[in-house]
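*Asks:* Compute the structure for the input listed below.
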Amino acid sequence: MLGYIAIAFEGPIKVDKAASALLLGVIIWVVYIYGLKDVLDLGFSPSWNTFQKSSELAAFKHKYEGVGLLGQMKYFITEHEIVRHVGNLSEILFFLLGAMTIVETIDQHEGFRIITDRIKTTNKVKLLWTVGIITFFLSAVLDNMTTTIVMIAMLRKLIADKKTRWFFASIIVIAANAGGAFSPIGDVTTIMLWIGQQVTALDIMGMVFLPSIISLIIPLAVVSIYMRGHVEKPVLNTSDSFNTSSRERNVILALGVGGLIFVPVFKEITDLPPFMGMLFSLAVVWVATEIIHKKGTEEDRRRFTVVGILKRVDIPTILFYFGILAAVAALESAGHLQVMAEYFDKHMHNIYLINGAIGLLSSIVDNVPLTAAAMGMYPVMTHAMTAVSSDPAFMQHFVQNGAFWELLAYAAGTGGSILIIGSAAGVVAMALEKIDFIWYMKKIGWLALLGYLSGILMYWLQNILIFHH
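*Replies:* Purely as a prediction, here's the structure:
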């Protein structure tokens with residue numbers, strides 16, 4: 001909580017949020033390892049409970065005969081948990097680094113002019129709907145993080161005023177999270193549920209599409225009531241102009257966007273993690289920039305090739321994201337998130353209340369470990385298992401493509417929009433546009449909450465009216 005407060009009040013305390021996040025991520029692990037016996041003896045950590053029965057621990061005890069329980073616990077944290085979580089974090093960070101570099105390369109080659117030149121309207125309401133709908137569907141094809149990077153790069157070509165751009169970037173966050181929630185490749189949490197076989201691709205698209213689109217349309221409709229005026233487009237700085245040819249722009253845009261779209265295809269073909277596909281796409285774009293500009297001046301090569309562009313990528317964003325996810329990983333490892341999930345199950349016993357609360361929590365805590373904790377609460381039930389359970393009607397929600405899993409995909413995906421630090425899209429927008437945490441909470445949080453609750457209501461209505469569940 002102290003770490004999140006430091007991040008939220010980055011402006012007043014004059015400490016960059018990346019520094020606060022890194023301190024947070026490291027200090028929590030330090031506290032964890034110094035208090036490991038007190039924490040793990042409570043028996044709350046599912047990871048520790050599983051590890052105690054594993055062959056890995058048996059091999060460790062065999063190799064180091066006579067090692068005590070304290071030594072086993074230290075080995076669990078330093079050699080098992082940190083390695084596992086850093087591996088998971090690295091997948092996300094390398095994915096982010098690759099995506100940011102590809103988008104920055106497209107931007108340097110003025111590739112987004114092909115899209116921005118076709119958006120002629122300066123009317124704020126029309127532009128808001130245009131940007132929101134494009135982001136929603138693009139996020140379903142790519143992922144919410146990459147889509148946010150692409151759309152904010154476009155915004156910089158369309159809107160000069162900083163606060164107006166903040167507002168539009170915030171709507172992009174809502175739209176990207178909504179679009180990612182209904183697609184099996186659009187959001188990390190949906191991917192987890194898809195890979196874990198809690199849902200199938202066609203089911204999640206069919207059942208979560210309406211709630212997702214409603215969670216975007218409601219905020220857009222509300223804003224349309226009071227938003228007035230026109231945006232002012234930024235003036236291009238011709239003194240720093242490195243004009244690229246139309247052919248170069250088209251080639252890099254096609255390679256860049258094609259490479260981003262190729263990432264889920266790569267995963268399907270190879271079964272390798274998505275970041276490998278992203279790095280492959282980055283390598284292709286990198287080779288292309290080297291070939292295109294091999295005869296250019298040294299200044300051109302610094303500006304246009306990936307070697308030069310990597311120096312422009314916002315590394316503090318990567319470190320900020322690492323710090324946040326490392327801190328949450330410690331809470332997951334120690335068992336705090338499992339305790340929270342079990343509390344929901346015991347005191348609510350209603351899938352709408354449980355998932356509603358998980359969605360609200362995902363605006364504060366990263367949705368990935370929350371989803372993992374929720375997945376760990378229940379096995380994927382079969383109809384035969386539900387028939388012999390103590391509460392067949394309730395447990396029916398936990399079969400494959402059951403209402404609990406569908407609603408979890410929606411809630412964990414869209415609930416993160418309520419606070420700007422609650423989702424990968426929000427973190428990226430905050431970093432790229434330096435959006436103030438408090439400003440977002442005041443201006444956007446209530447809109448995102450209204451859309452989020454409307455989506456849950458939509459899911460309930462379609463279940464009752466259409467599917468009679």
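
*Asks:* Could I get the contacting residues of Ile92?
*Replies:* For Ile92, the contact set (C-beta atoms under 8 Å, 6 or more residues apart in numbering) comprises Val188, Phe275, Tyr321, Leu325, Ala424. (Each C-beta comes from the backbone N, C-alpha and C, glycine too.)

*Asks:* Recalculate using a threshold of 10 Å.
*Replies:* By C-beta atoms under 10 Å, 6 or more residues apart in numbering, the residues touching Ile92 are Met145, Val188, Pro273, Pro274, Phe275, Ile318, Tyr321, Phe322, Leu325, Asp366, Val368, Ala424.

*Asks:* now swap in Arg303 and tell me
*Replies:* So Arg303 contacts Gln108, His109, Asp240, Phe242, Thr244, His293, Gly296, Thr297, Ile309, Arg312 (C-beta under 10 Å, 6+ apart).

*Asks:* out of the residues you listed, which is most surrounded?
*Replies:* Counting by other C-beta atoms under 10 Å, His109 has the largest number of neighbours within the contacts of Arg303, with 26 neighbours.

*Asks:* just to revisit the earlier point, what's the closest of the contacts of Ile92 to Trp286?
*Replies:* Distance ranking of the contacts of Ile92 against Trp286, using C-beta to C-beta, places Phe275 first at 15.7 Å.

*Asks:* surely the closest one meets Gly98?
*Replies:* Yes. Proximity of Phe275 to Gly98 meets the contact threshold set by C-beta atoms under 10 Å, at 6.9 Å.

*Asks:* and the two? which has more neighbours close in?
*Replies:* For Phe275 versus Gly98, the count of surrounding residues by other C-beta under 10 Å is larger for Gly98: 26 against 20.

*Asks:* what separates the more buried one from Met276, distance-wise?
*Replies:* Using C-beta to C-beta, to the nearest Å, Gly98 is found at 10 Å from Met276.

*Asks:* Just give me the least confident of the contacts of Arg303.
*Replies:* Among the contacts of Arg303, Asp240 has the lowest pLDDT, at 46.

*Asks:* Please identify which helix or strand holds Glu110.
*Replies:* Assigning secondary structure by DSSP states H and E places Glu110 outside every helix and strand.

*Asks:* Give me the neighbour count for it.
*Replies:* Using other C-beta under 10 Å: Glu110 sits among 22 other residues.

*Asks:* contacting residues for Phe76?
*Replies:* Counted by C-beta under 10 Å, 6+ apart, Phe76 has contacts 33, 36, 40, 45, 47-48, 51-52, 54, 56-57, 60, 82, 333.

*Asks:* Counting neighbours, what do you get for Ala283?
*Replies:* Per other C-beta under 10 Å, the neighbour tally for Ala283 reads 13.

*Asks:* can you tell me how far it sits from Leu255?
*Replies:* From Ala283 to Leu255 the distance is 11 Å (C-beta to C-beta).

*Asks:* try Met192
*Replies:* 30 Å.

*Asks:* do the same with Ala372
*Replies:* 35 Å.

*Asks:* again, but for Met340
*Replies:* Distance from Met340 to Leu255, by C-beta to C-beta: 44 Å.

*Asks:* These two: which is more packed in?
*Replies:* Taking other C-beta under 10 Å, Met340 and Leu255 do not tie; Leu255 has more neighbours (22 against 17).

*Asks:* State the distance from that one to Asp271.
*Replies:* Applying C-beta to C-beta to Leu255 and Asp271 gives a distance of 24 Å.

*Asks:* okay, now Leu353: neighbour count?
*Replies:* 12.

*Asks:* looking at the chain, which residue lies furthest from center?
*Replies:* What lies farthest from the middle of the chain is Gly66; by C-alpha atoms, centre = their mean that is 44.0 Å.

*Asks:* part of a strand, is it?
*Replies:* No. Judged by DSSP: H, G, I helix; E, B strand; the rest coil, Gly66 forms no part of a strand; its state is coil.

*Asks:* Okay, it and Asp41: tell me how far apart.
*Replies:* Gly66 sits 21 Å away from Asp41, taking C-beta to C-beta as the criterion.

*Asks:* Ile106 sits in which helix or strand?
*Replies:* helix 82-108.

*Asks:* now the next helix or strand after that helix, how far from the centre of its chain.
*Replies:* On the C-terminal side of helix 82-108, the nearest following helix or strand under DSSP H and E is helix 113-116. Averaged C-alpha coordinates place helix 113-116 at 26 Å from its chain's average position (C-alpha atoms, centre = their mean, to the nearest Å).

*Asks:* so what does helix 113-116 touch, helix or strand wise?
*Replies:* Applying 3 or more C-beta pairs under 10 Å, 6 or more residues apart in numbering; DSSP states H and E, we find helix 113-116 packed against helix 144-158, helix 246-270.

*Asks:* Name the next helix or strand downstream of it, please.
*Replies:* Sequence order places helix 124-141 as the next helix or strand after helix 113-116, per DSSP H and E.

*Asks:* Quick one: list the elements packing against that next one.
*Replies:* When contacts are defined as 3+ C-beta pairs under 10 Å, 6+ apart, helix 124-141 packs onto helix 144-158, helix 162-181, helix 201-226, helix 246-270.

*Asks:* Low-confidence stretches in the stretch 51-200 of the chain?
*Replies:* Scanning the stretch 51-200 of the chain with the threshold set as pLDDT under 70 gives 116.

*Asks:* any idea of the angle the helix or strand hosting Ser454 forms with helix 162-181?
*Replies:* Secondary-structure assignment from DSSP H and E places Ser454 in helix 445-461. Helix 445-461 runs at 20 degrees relative to helix 162-181, counting by axes from the mean of the first three to the mean of the last three C-alpha atoms, to 10 degrees.
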